[in-house]
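>>> how would this look folded up:
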Amino acid sequence: MSEPLAVESAPGLAPHRIPHPPQRVTGPRVDQSPKAEVVLITRNSRDDLPASLPAIFSGLRIAHGFAWILIVVGEMTGVPTGLGSVVMDGRTLSRTDLVITGMVVIGACGFITDRIIVAISNRLLSWSPQHRE
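Predicted coordinates:
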């Protein structure tokens, strides 16, 4: 479950570089010196977490979807209780009402928990114009 979160968060945590370095630099140019890049990265590191929060919340939503898939598949294959086993029992017994009810409940729970994540991210990221829904 942590892989989608890490993959989506990585671009947000990438070092931010100044596009046009200062012109009054003696010695090697700023864009050619590895030490100068380290200075730029450490100087902007306090802005990394707020700047990466939109990507982190996007990864959290994707990881949340994968978690629901894995929970339901796990319940369908090896656990005698849970929504997945109710769907499988309904399929085995040809009880369409159990199958449809289980699918609706799983979908509703996933949708509600996703909306909770979206509400939290909208509240925390009200400053980000790209993250409003």
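
>>> what strand or helix carries the closest residue to residue 130 other than its chain neighbours?
Closest residue to residue 130 apart from its sequence neighbours, by Cβ to Cβ, 6 or more residues apart in numbering: residue 54 at 6.6 Å. (C-beta placed from N, C-alpha, C; glycine too.) Per DSSP states H and E: residue 54 is located in helix 48-78.

>>> before we move on, back to that, per-residue pLDDT of the residue nearest to residue 130, please?
Residue 54 is assigned 85 on the pLDDT scale.

>>> what does residue 6 give?
For residue 6, pLDDT reads 61.

>>> looks like the residue nearest to residue 130 contacts residue 125 (just checking).
Yes: between residue 54 and residue 125 there is a contact under Cβ atoms under 8 Å: 5.9 Å.

>>> more neighbours, these two?
residue 54 (20 against 17; other Cβ atoms under 10 Å).
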